[in-house]
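[1] Build me a structure from this.
(2 chains)
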Amino acid sequence: QQQVKQSPQSLIVQKGGIPIINCAYENTAFDYFPWYQQFPGKGPALLIAIRPDVSEKKEGRFTISFNKSAKQFSLHIMDSQPGDSATYFCAASMNSGGSNYKLTFGKGTLLTVNP
Amino acid sequence: DGGITQSPKYLFRKEGQNVTLSCEQNLNHDAMYWYRQDPGQGLRLIYYSQIVNDFQKGDIAEGYSVSREKKESFPLTVTSAQKNPTAFYLCASSIAAWGYTFGSGTRLTVV
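    Numbering: from 1, shown residues only, chains lettered A, B, ... in the order given. Reported below is the predicted structural model:
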C-alpha cells in the first residue's frame, strides 16, 4: 500500500525557533514530494516541493531536505513566526497516467508558534 | 481570477438523506479530485477524474458517488449508505502533481 508517514502529529515552538517535520515513504516510484500548508477552515495550499534528484530546496524561510536512500524528507521552517501556525501536510505522487497525478498525503502536523 | 469554488461552505444532513456538494473550477484543469479530511487522519482520496465522463474510485469511495459531465464541474454526492459522513470535504484540480489547487472546503454535519 502506498503510504506516507508523517511525524510529529503536533509541534509547539517559540517564535524564532526552527520546527522540523519529517516524512517517510515506501514506494520508490514516487517522484514528486510537495508540502502543503493549511489554515483552519481553508483548503491546503502548496508551500514548497522537491524532486528526488535534489537533496535540498529552499524557498524563503522554508527548506525541504531529501534523503533518497533513506526514503525520507523533511520540512524546516527558519525563524518561525506566529503566522506560520497551521497544519502542514507532506505528500508524494507519481504519474498515474495522462494528466492524472494522485497525491498521497501524510496525516498532517499541527504547528503552533508561540509569540 | 482562476480558482476552485466549493459550495456550500456548511451543510447539514439528516439521517438517511443524500446530499450533493458542488465543485466548480475555471482553471481549465483536466483532473479533479475529492478528498475527505478528518482530525488526525490527513486527506483521504474519495474519487478522482482525469477526463469528462470518466472517474475512478479512490481509497474510501464507499457511500459516495460522483459525476463528471463537464470539465469544469465535479459534484460529490454523499449517500445514505455513508455511515459516518460528518467531515470536511475538499475538492482539488490539477494539470500535474505540482499544479494541485484546492477549494476552501465544505463542512458536512449529520444532524
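[2] Chain A versus residue B:86, what's the distance?
    Going from residue B:86 to chain A by Cβ to the nearest Cβ, to the nearest Å gives 16 Å. All C-beta spots, glycine's among them, are computed from the backbone N, C-alpha and C.
[3] Near that residue, how many other residues are there?
    Neighbour count of residue B:86, defined by other Cβ atoms under 10 Å in any protein chain shown: 14.
[4] Quick check, it in contact with residue B:106.
    No. Using Cβ atoms under 8 Å, residue B:86 is not in contact with residue B:106, being 11.7 Å away.
[5] Please name the nearest non-neighbouring residue to the residue nearest in space to the middle of chain B.
    Centroid-nearest residue in chain B: residue B:34, 3.2 Å away (criterion: Cα atoms, centre = their mean). Distances taken as Cβ to Cβ, 6 or more residues apart in numbering or on different chains put residue B:46 closest to residue B:34, at 4.3 Å, once the chain neighbours are dropped.
[6] OK, contacts around the one you found?
    By Cβ atoms under 8 Å, 6 or more residues apart in numbering or on different chains, the contact list for residue B:46 reads B:34, B:35, B:36, B:58, B:59, B:60, B:61, B:64, B:66, B:76, B:89.
[7] Just the buried ones among those residues, please.
    Neighbour-count burial (16 or more other Cβ atoms under 10 Å in any protein chain shown) is assigned, among these, to B:34, B:35, B:36, B:58, B:60, B:61, B:64, B:66, B:76, B:89.
[8] for the third one, which residues make a bridge with it?
    According to DSSP bridges, the partner residues bridging residue B:36 are residue B:44, residue B:89.
[9] so how far is residue B:15 from residue B:80?
    8 Å (Cβ to Cβ, to the nearest Å).
[10] Is any residue of stretch A:50-61 near chain B?
    No. Judged by Cβ under 8 Å from any Cβ of the partner chain, stretch A:50-61 stays clear of chain B, getting no closer than 9.5 Å.
[11] Restricting to C-alpha, output that stretch in PDB.
    Written as PDB, here are the backbone C-alpha positions of stretch A:50-61 (Å, rounded to 0.1, in the frame of the first residue of the first chain):
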ATOM      1  CA  ILE A  50      11.100  18.700  -4.400                       C
ATOM      2  CA  ARG A  51      12.000  16.000  -6.800                       C
ATOM      3  CA  PRO A  52      14.300  13.100  -5.800                       C
ATOM      4  CA  ASP A  53      17.200  14.200  -7.900                       C
ATOM      5  CA  VAL A  54      17.800  17.100  -5.500                       C
ATOM      6  CA  SER A  55      18.800  16.800  -1.800                       C
ATOM      7  CA  GLU A  56      17.700  20.200  -0.600                       C
ATOM      8  CA  LYS A  57      15.500  23.000  -1.800                       C
ATOM      9  CA  LYS A  58      14.900  26.400  -0.100                       C
ATOM     10  CA  GLU A  59      12.200  29.000  -0.700                       C
ATOM     11  CA  GLY A  60      12.400  31.900   1.700                       C
ATOM     12  CA  ARG A  61      12.300  30.500   5.300                       C
END
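[12] any residues touching it, and which ones?
    A:30-34, A:47-49, A:63-68, A:73, A:77-80.
[13] If we use 7 Å, what do you get?
    For stretch A:50-61, contacts defined as Cβ atoms under 7 Å, 6 or more residues apart in numbering or on different chains pick out A:31-33, A:48, A:63-66, A:68, A:73, A:77-79.
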